[in-house]
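**Student:** Give me a model of this one.
(2 chains)
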Number of protein chains: 2
Amino acid sequence: MSFLASLRKGRRPLQTLLGSAAEDGLDSDAQEARRAYYDRLENLPLPKGFYLGVAKDIIFFPQELPLESSKPYKLNMALLTTEKPSENFAAVFTKNRFCGHPVTLGRQRLAESTKMGGLLVNNRISNAANKHGMDKAETLCVDVANGLGPDWSAENIAVSSTGIIGWELPMKEMASAIPQLIESRFQVEKEKDIGSHSVADFARAIMTTDAYPKAFGITLKNGAKVVGVAKGAGMIEPNMATMLVFILTDMAVPRATLQKTLDKVVAETFNCISIDADESTSDTVWLLSSNRVPLGGGDGDSDPDAQLLEFQEALFEVSRQLSKEIVRNGEGVKHVIECNVSRAPSFAIAKALAKSVINSPLLKSAIAGNDPNIGRLACALGSALGRVGEGLTDEQLRKTKIFMDRDSVYSNGAFNLTPELERKLTEYMRSAELFIGGKKPDFPSHDRSVRIDVDMDLGQSSCRVYGADLTVEYVIENSQYRS
Amino acid sequence: MSFLASLRKGRRPLQTLLGSAAEDGLDSDAQEARRAYYDRLENLPLPKGFYLGVAKDIIFFPQELPLESSKPYKLNMALLTTEKPSENFAAVFTKNRFCGHPVTLGRQRLAESTKMGGLLVNNRISNAANKHGMDKAETLCVDVANGLGPDWSAENIAVSSTGIIGWELPMKEMASAIPQLIESRFQVEKEKDIGSHSVADFARAIMTTDAYPKAFGITLKNGAKVVGVAKGAGMIEPNMATMLVFILTDMAVPRATLQKTLDKVVAETFNCISIDADESTSDTVWLLSSNRVPLGGGDGDSDPDAQLLEFQEALFEVSRQLSKEIVRNGEGVKHVIECNVSRAPSFAIAKALAKSVINSPLLKSAIAGNDPNIGRLACALGSALGRVGEGLTDEQLRKTKIFMDRDSVYSNGAFNLTPELERKLTEYMRSAELFIGGKKPDFPSHDRSVRIDVDMDLGQSSCRVYGADLTVEYVIENSQYRS
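**Tutor:** The predicted structure is shown next:
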């Protein structure tokens, strides 16, 4: 079956989606939101000069299970490639020191490769803490490079794996699927309408327990695109790890600029979210350019500086949207929490305070129960200040003001809550719940979040962080014994 | 009613306890453990030279609630005093920068007072983030000093409050109860048998939602005692904050030695526990000596250095036992987790790793479900190493070995789990559950914990940390809207 045919086959018709929506008991507004989400996703094309191959439902028998009791497992593979290896790429990896083998190999590519052009991803098995994991990651790169032809070598390819930790990748089955991934590339070159094909299948193929595929794109004035795809929601699922993000652009931004921009953007977006404060062993963000739109070229304004600025803003916005989706998609998450710390003496202090708020199990539990428990909020802030607030006097800290839903709840070192305000804030939290009819829908139901603002009145720095509440569903999901 | 009579009245007869035990469906082993626990508690006397007053169920109407809907609330007060103000005392307070007023006042005492002799504690309302909280804390100290007589001044008294954050203390009602607390002191002086009265009533009076009273004592060879009483389990209860610990001794240890020893002991005991990683606004440990047993005096060995060493060891052991009880008493806690990191390059690294393990929501959830999910364990360690492991090479980190229940589960950078070992570890976790018949008993049911050992093979430092699992009960308890 050709790549496009399989793409078309894999895509669920909108009618089916709406049918299942009705079964989910969604009201008409929710159905409309769902339709809009999937419409946008299906119509989000890859940037120019990128090719996509997907191989779904590859059957294997895990070698870790006894043969007699073994049932067939399935994994997906997906391959993104540029036309030819590109000198413009960047990446950021987890700081976890017990990282997965694909991360170790990715760091090697970043340090040693002059060109990059292929990103191979599999779900189901996270290639981490295996005895032969490094060999396997390298072998996959060799296989892909061989398939792509003489212009390619293994050092142009990177891999990402996500799923069960500790199991070995089924190499034989994966190797057999690689020709299909490669073939799709040549199929695509023959078809005229390739510019219009969607990233949706890639976003779906790399999912593990994600409730829905996540992608976001922006078209710049010069016609170039910045398109990002993400999976994962922190380490939120039994044995499933890994936030993986792939951002593609056809704008020819120099490698050094790409890396510098990505470092800054990741620090303020993906590193400013937290479901459960655990940094996965495999978190990865790749950024790759196909160089189709030269800097200073394309349509519209041809000022390279203006184009670069617009590109950087687009990269930030794509990353911000994807990081919000990752939180919104966290299993068991009922409320997204947005915490803005402003007028802080430094970014480090602003971030420490905001992260302390969204990582406080007590506050997270209270928000799950629609309880505006600002004693816990002040506690989380004071706890962070105990760690990072050295040199700040008590008098300075008395300037701190706290707001929920823009209502002042704490100032001059004391709470301002009244029974009326408590009732209002409870109602606010209730209206910010993500669940529909008691369960999580298979699309990002709306953009609501519980907003907390902390104004320190002590400087110019600020930080915005997205987190999630702590629900009974989260604990149940994460405490079930592995089957 | 005299103090001793009220003490006797307050004490529940053993028969009642056992009757209620039977109703709880405890088996005979559990009944025996319960009897032993309360026997030990009831027979644990104050050290010589200490006096105790308790006033229970003081009725008040919170000014924060509308008068028409107001129902009566109750609080307890308890007062510990030495015969006369003592120059030998020490304290350690929370590092939370939004701390309660009693902590601010306590720090003042530590900095400015030359003598300390009275510790006044109330439950029900935590005097924190109130507009007039500081005035109220100071007024209570003045009232107690006036009651105690001409040898006393407010600077000899400290206060601790625990309970709802943000409410004002009901000063009129509390002031009226102070004479009763003072009177008990003189009652006690008249009675011959005072040396035998128990700390149990103090331990009970300061409880908020603690499931049972917590106290532990050790008698040294020279006859001196070290007796500690604790309440709280981190910030684990809606609106209730505060771990409060009071350690009393009749050994005349110089103030500087007391403080130095307490700092060290707290760092390795109370600061090495965590229920939910939130540092309360009011955590406090007071240590006070009545000076009855001179250093180098008393029975037995009269070598001051040997006595001091024995005292320090006793202080450590009392603190270790109380910190374990605090974890064991955390609401919703099904498993206590003990994590030992050994042969680390520094204590800071050992502690960071151990705390990362016991604060990982994912690992805590897995343990709640009796799941030996060591992928999450390695993830928590790697995440901490990303923060504190700078300078350690990957080769060095490959020496790390991880054990559960003393079985090796990770070495040479890879997992060693087999289906057999997984089954064994699941069984181990099941047998370590604290609940009896599906619910938490009102005594520390047994000493079990889930033990995790991490051997870094990189140095001489080690750290032992106690934590708790993350259960559905915890989330429910902490997400219910305040009534």
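**Student:** And the host helix or strand of A:Ile182, how far out from the chain middle?
**Tutor:** Element membership for A:Ile182, per DSSP states H and E: helix A:171-190. Distance, stretch centre to chain centre, for helix A:171-190: 26 Å (CA atoms, centre = their mean, to the nearest Å).
**Student:** Only alpha carbons, please: show that helix as CSV.
**Tutor:** What follows is helix A:171-190, C-alpha atoms only, in CSV (Å, rounded to 0.1, in the frame of the first residue of the first chain):
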residue,chain,number,x,y,z
MET,A,171,14.8,-5.2,16.4
LYS,A,172,13.9,-7.8,13.7
GLU,A,173,10.3,-6.5,13.4
MET,A,174,11.4,-2.9,13.5
ALA,A,175,14.1,-3.4,10.8
SER,A,176,11.5,-5.1,8.6
ALA,A,177,9.3,-1.9,8.8
ILE,A,178,12.0,0.5,7.8
PRO,A,179,11.7,0.0,4.0
GLN,A,180,8.0,0.9,4.3
LEU,A,181,9.0,4.1,6.1
ILE,A,182,11.6,5.0,3.5
GLU,A,183,9.3,4.1,0.5
SER,A,184,6.8,6.6,1.7
ARG,A,185,9.4,9.3,1.1
PHE,A,186,9.7,8.4,-2.6
GLN,A,187,5.9,8.0,-3.0
VAL,A,188,5.6,11.5,-1.6
GLU,A,189,8.0,13.0,-4.1
LYS,A,190,5.9,11.6,-6.9
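**Student:** Tell me the helices and strands packed up against whichever helix or strand comes after that helix.
**Tutor:** From helix A:171-190 onward toward the C-terminus, using DSSP H and E, the following helix or strand is helix A:200-205. Counting contacts by 3 or more CB pairs under 8 Å, 6 or more residues apart in numbering or on different chains; DSSP states H and E, helix A:200-205 packs against helix A:3-10, helix A:28-42, strand A:50-60, strand A:73-86, strand A:214-219, strand A:225-231. C-beta: built from backbone N, CA, C; applies to glycine.
**Student:** Pull out the buried positions in helix A:200-205.
**Tutor:** A:Ala200, A:Asp201, A:Phe202, A:Ala203, A:Arg204, A:Ala205 (16 or more other CB atoms under 10 Å in any protein chain shown).
**Student:** Over to stretch A:413-424?
**Tutor:** A:Gly413, A:Ala414, A:Phe415, A:Leu417, A:Leu421, A:Glu422.
**Student:** so what pLDDT did the fourth one get?
**Tutor:** Same thing as A:Leu417. A:Leu417 carries a pLDDT value of 79.
**Student:** Touching, it and B:Ile165? I think so.
**Tutor:** No. Assessed by CB atoms under 8 Å, A:Leu417 is found out of contact with B:Ile165, at 10.4 Å.
**Student:** Can you name the residue of the stretch 51-200 of chain A nearest to chain B?
**Tutor:** Per CB to the nearest CB, A:Phe98 is where the stretch 51-200 of chain A lies closest to chain B, at 3.0 Å.
**Student:** need the contact list for that residue.
**Tutor:** Residues in contact with A:Phe98 (CB atoms under 8 Å, 6 or more residues apart in numbering or on different chains) are A:Ala128, A:Ala129, A:Thr281, B:Ala378, B:Cys379, B:Leu381, B:Gly382, B:Leu385, B:Leu397, B:Gly413.
**Student:** Kindly recompute the last result at 7 Å.
**Tutor:** A:Phe98 is in contact with A:Ala129, A:Thr281, B:Ala378, B:Cys379, B:Leu381, B:Gly382, counting by CB atoms under 7 Å, 6 or more residues apart in numbering or on different chains.
**Student:** on that earlier part again, counting contacts, what elements does the helix holding A:Ile182 pack onto?
**Tutor:** Using 3 or more CB pairs under 7 Å, 6 or more residues apart in numbering or on different chains; DSSP states H and E, the elements in contact with helix A:171-190 are helix A:3-10, strand A:50-60, strand A:73-86, helix A:133-148.
**Student:** got the CA positions of the second one in PDB?
**Tutor:** C-alpha atoms of strand A:50-60 as PDB (Å, rounded to 0.1, in the frame of the first residue of the first chain):
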ATOM      1  CA  PHE A  50       9.800  17.300   4.900                       C
ATOM      2  CA  TYR A  51       8.700  13.800   4.300                       C
ATOM      3  CA  LEU A  52       6.800  11.500   6.600                       C
ATOM      4  CA  GLY A  53       6.500   7.800   6.900                       C
ATOM      5  CA  VAL A  54       4.300   5.900   9.300                       C
ATOM      6  CA  ALA A  55       4.200   2.100  10.000                       C
ATOM      7  CA  LYS A  56       1.400   1.200  12.400                       C
ATOM      8  CA  ASP A  57       0.600  -1.800  14.500                       C
ATOM      9  CA  ILE A  58       3.900  -3.700  14.000                       C
ATOM     10  CA  ILE A  59       3.400  -7.000  15.900                       C
ATOM     11  CA  PHE A  60       6.000  -8.400  18.200                       C
END
